[in-house]
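K.L.:
Dropping the sequence and predicted coords here.
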Amino acid sequence: MNSEMAVCANALSKFYQDKKALDSLSFEIEMGSLFGFIGPDGAGKTSLFRILNSLLIPDGGTASILGFDTVKDYKQIRRIIGYMPGRFSLYQDLTVEENLKFFAGIFKTTIKENYHLIEDIYRHIEPFKNRKAGKLSGGMKQKLALSCALIHKPEVLILDEPTTGVDAVSRGEFWEMLQKLKTQNITILVSTPYMDEASLCDEVALMQEGKIMQRATPERIIEAFNETLWSVQSDKMFELLSHLSSFPEIRLVYRSGDHICFIPRKQSVEEKNLLAYLENLGHQSVKLKQIKPTIEDSFIYQMQTQN
Amino acid sequence: MKGFVVKEFLHIFRDHRTMLILFGMPIAQVLLFGFAITNEINHASIAVFDKARDSKSLELQQKLTASGYFDINMQLENTKSIEKAFQSGKVKEIVVIPPQFEKTLELGQPTTIQLINDASDPNTANLISSYTSAILMDFAASINPQANSLPVTTETTMLYNPELKGVFMFVPGTITILLMLVSAMMTSISIAREKEMGTMEVLLISPLKPYQIILGKVLPYVVFSFVNAMVILILAYSIFEMPVNGSLLLLLAESLLFILMALAMGLFISTVSNSQQTAMLLSMFALMLPTILLSGFVFPVENMPLALQWLSHLMPSKWFIIIVKSIMLKGLGIAYLWQETLIILLMAFIFIILSIKKFEVRLKLK
């Protein structure tokens, strides 16, 4: 095992009764990296994180963090990691400050000692430090949870869907904080169902059904996407999707924001044919153009075609 | 560790329901058991069907009311009205005095007074009829002191509780139930809540050791339960004049031991339940009901079928009730109670070991 690596996983498997949650997963994560696990619900992200943080025992394979085995050396692991579960897991009936104090206390440290670590984050919620945690907004709850996970100066931070259910502005702020934490030499593992957040990581792994389908830097993932991508808009968006998918030259159709994207079977599509086809079906003011793919498009393509 | 205990106290103080259960309940329960559930007769309403209507029969009626146990609410005129009186539900007993009551007595002939009871509530019926009989005996003796109709009389002395106060019976039981409830149910619920809210996940990830989590959870409840026990004792002593004949220190020490035992049981329950609801139901059915039914608190153990008697030996509350009664009423010391104490100590030990063994340092997902 490479000691330069922050996290190593070797053929990890986990079953819940007959259902396979993790399917012999292997990967390594470099020290100081901000690593994203992207995938839909049920892809196995939470199970993977719970194995890495020593809360679950894998049914097969091994994993280690900074060289400590997640099963054997679970006591050491629990000292060096910070973990933020997917659900808000702080005490709702305690105030912001009491929560932070408590978590500092059980890790035998004080708020003062590591204040520099959480300062950027805690600053946002400090004006509400006497408010009960249960009465905070979603974004503030996440900031508090992150502060609590950071207060003992962990070397590896494991964040399970930290931005789920958080408004767009807070999500942006949250990612900014993670970028700053990286400069403190903390390795960060983060999972998210939002694909647009993938471009903010140093490296991402696309997970589906317990497997890693692709792993690369965000730039590489876009580069590797060598299909042409088209965007269509019309006055009847609702029917457009099904009409497009029954057009024989089109390989894959999906909705993306306010337009519909498709990937043709060959490198290109006869624009005239498609426009005539759509007009025939009663679509008006059709806008058709080729667009640059994003990391999101690449993922959707991967997930759809590998199914 | 200190932080953990502080946090636990904050949880308790901020949750009004918990506070109500902790402090409202003991007082309500003691007062309820003390005042409402009592098997003493106090101004029970009865009716008299006086067929004689002479001076002796009137004297007898006066004697009945003068006792304070009875109020004569109805005078019946004929046999038919007996049924009606019971159906109205206004009287518990009817005393039927035979015709020519005075004359029969003067002649020194035996006579019979009939007592008819509403036995839909058998316990009360029994009590009322025996109270009445006692008064009638007394009356008979006063009329004819030299009568040889009563060659043998029994004289019963009630030791330790001469007035047969129901409270003396209920206070030990109530202390037991409340300590059980507060200690076992509250701890099991509070641990289950951590599991339910997901905070257990974070606690497990921390370097806290299982025993630290357990101790942190349990300590505040030890304090509250102990305060509770004192409140009940003070109430029993001041309002119901229940004596503490034995050593108060021993009583408190035994209470503390019982609290520890109950807490250990609560811990054990929490290790097998994942939600607050399960914890509550388990405590209710596994602890509360057996405590009430099998501990000898409500039903005497000696009258139970043999199988249930054996089962009752497994109830820690049974032994604790014996201890409390012996100390408070009989004034016994540890020399007489070491067996019961040892049993509770053993039970506490078993549950503590079991719950530390069963405490999961990892998540259990199905």
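P.N.:
That came through, no problem. Residues are numbered from 1 along each chain as shown, chains lettered A, B, ... in the order given.

K.L.:
Look through chain B and state the residue closest to chain A.
P.N.:
Proximity to chain A, evaluated over chain B using Cβ to the nearest Cβ, is greatest for B:Gly3 at 3.0 Å. Bear in mind the C-beta positions are built from the backbone N, C-alpha and C, glycine included.

K.L.:
thinking that residue is in contact with A:Leu100, fair?
P.N.:
No. Applying Cβ atoms under 8 Å, one finds B:Gly3 not in contact with A:Leu100, separated by 11.0 Å.

K.L.:
what about those two, which has more around it?
P.N.:
A:Leu100 (24 against 16; other Cβ atoms under 10 Å in any protein chain shown).

K.L.:
my hunch is that that one is in a helix, does that hold up?
P.N.:
Yes. Using DSSP: H, G, I helix; E, B strand; the rest coil, the assignment for A:Leu100 is a helix.

K.L.:
Kindly provide the distance from it to B:Met304.
P.N.:
Going from A:Leu100 to B:Met304 by Cβ to Cβ, to the nearest Å gives 56 Å.

K.L.:
Next: B:Ser225.
P.N.:
Using Cβ to Cβ, we find B:Ser225 at a distance of 29 Å from B:Met304.

K.L.:
neighbour count winner among those two?
P.N.:
More neighbours surround B:Ser225 than the other of B:Ser225 and B:Met304, with 28 against 16 (other Cβ under 10 Å).

K.L.:
Confirm that the residue of chain B closest to chain A sits in a strand.
P.N.:
No. Applying three-state DSSP, one finds B:Gly3 to be helix, outside a strand.

K.L.:
From one end of stretch B:43-55 to the other, what's the distance?
P.N.:
Length of stretch B:43-55, first residue to last, Cα to Cα, to the nearest Å: 24 Å.

K.L.:
Buried residues, that stretch. List them.
P.N.:
The neighbour-count check on stretch B:43-55 (16 or more other Cβ atoms under 10 Å in any protein chain shown) flags B:Ala44, B:Ile46, B:Ala47, B:Val48, B:Phe49, B:Asp50, B:Lys51, B:Ala52 as buried.

K.L.:
Is the fifth one located within a strand, as I assumed?
P.N.:
The one in question is B:Phe49. Yes. Under three-state DSSP, B:Phe49 falls within a strand.

K.L.:
And the residue nearest the centre of chain A?
P.N.:
A:Thr192 (2.3 Å; Cα atoms, centre = their mean).

K.L.:
correct me, but that one touches A:Pro40?
P.N.:
No. In this structure, A:Thr192 is not within contact of A:Pro40 by Cβ under 8 Å, at 10.7 Å.

K.L.:
And the pLDDT for the residue nearest to the centre of chain A?
P.N.:
Note for A:Thr192: predicted pLDDT of 89.

K.L.:
Identify the bridge partners of it.
P.N.:
Beta-bridge partners of A:Thr192, counted by DSSP bridges, are A:Ile38.

K.L.:
In contact with it, which residues?
P.N.:
Residues in contact with A:Thr192 (Cβ atoms under 8 Å, 6 or more residues apart in numbering or on different chains) are A:Gly36, A:Phe37, A:Ile38, A:Glu161, A:Pro162, A:Thr163, A:Thr164, A:Ala198.

K.L.:
separation between it and B:Pro316?
P.N.:
In terms of Cβ to Cβ, A:Thr192 sits 51 Å off from B:Pro316.

K.L.:
Okay, the residue of the stretch 201-307 of chain A found nearest chain B and A:Lys287: tell me how far apart.
P.N.:
In the stretch 201-307 of chain A, the residue that lies nearest chain B is A:Gly210 (14.9 Å; Cβ to the nearest Cβ). Using Cβ to Cβ, A:Gly210 is found at 40 Å from A:Lys287.

K.L.:
more neighbours, these two?
P.N.:
Using other Cβ under 10 Å as the criterion, A:Gly210 and A:Lys287 rank with A:Gly210 on top: 23 against 9.

K.L.:
Kindly confirm whether my reading is correct that A:Asn235 touches A:His283.
P.N.:
No Asn there; residue A:235 is Asp. Yes. Shown here, A:Asp235 and A:His283 form a contact pair, counting by Cβ under 8 Å, at 6.6 Å.

K.L.:
Looking at the two, which is more packed in?
P.N.:
A:His283 (20 against 11).

K.L.:
The lengthiest helix in chain B - contacts with which helices or strands?
P.N.:
Taking DSSP state H as the criterion, chain B has its longest helix at helix B:210-238. Here helix B:210-238 touches helix B:2-14, helix B:25-31, helix B:166-180, helix B:186-197, helix B:248-272, helix B:334-358, going by 3 or more Cβ pairs under 8 Å, 6 or more residues apart in numbering or on different chains; DSSP states H and E.

K.L.:
Show the average pLDDT along the helix or strand hosting A:Leu12.
P.N.:
Take DSSP states H and E as the rule and A:Leu12 turns out to sit in strand A:5-16. For strand A:5-16, mean pLDDT is 91.

K.L.:
how about the helices in the stretch 151-300 of chain A?
P.N.:
Counting by DSSP state H, counting those that start in this stretch, one finds helices in the stretch 151-300 of chain A at the ranges A:168-182, A:218-223, A:237-245, A:271-280, A:295-306.

K.L.:
so can I have TSV of those helices showing distance to A:Phe88?
P.N.:
As requested, the helices of the stretch 151-300 of chain A are exported to TSV (distance: least, Cβ to Cβ, whole Å):
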stretch	distance to A:Phe88
helix A:168-182	13
helix A:218-223	28
helix A:237-245	35
helix A:271-280	46
helix A:295-306	27
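
K.L.:
Pick the most buried one from these.
P.N.:
Of all the helices of the stretch 151-300 of chain A, helix A:295-306 has the most neighbours on average by mean count of other Cβ atoms under 10 Å in any protein chain shown, namely a mean of 19.

K.L.:
Now that helix - C-alpha only, PDB.
P.N.:
Provided in PDB are the C-alpha atoms of helix A:295-306 (Å, rounded to 0.1, in the frame of the first residue of the first chain):
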ATOM      1  CA  ILE A 295     -19.100  17.500 -17.100                       C
ATOM      2  CA  GLU A 296     -22.800  16.900 -16.500                       C
ATOM      3  CA  ASP A 297     -23.400  15.900 -20.100                       C
ATOM      4  CA  SER A 298     -20.500  13.500 -19.900                       C
ATOM      5  CA  PHE A 299     -21.900  11.800 -16.800                       C
ATOM      6  CA  ILE A 300     -25.400  11.400 -18.200                       C
ATOM      7  CA  TYR A 301     -24.000   9.900 -21.400                       C
ATOM      8  CA  GLN A 302     -21.900   7.500 -19.300                       C
ATOM      9  CA  MET A 303     -24.700   6.400 -17.100                       C
ATOM     10  CA  GLN A 304     -27.200   6.000 -20.000                       C
ATOM     11  CA  THR A 305     -24.900   4.100 -22.300                       C
ATOM     12  CA  GLN A 306     -23.400   1.800 -19.700                       C
END
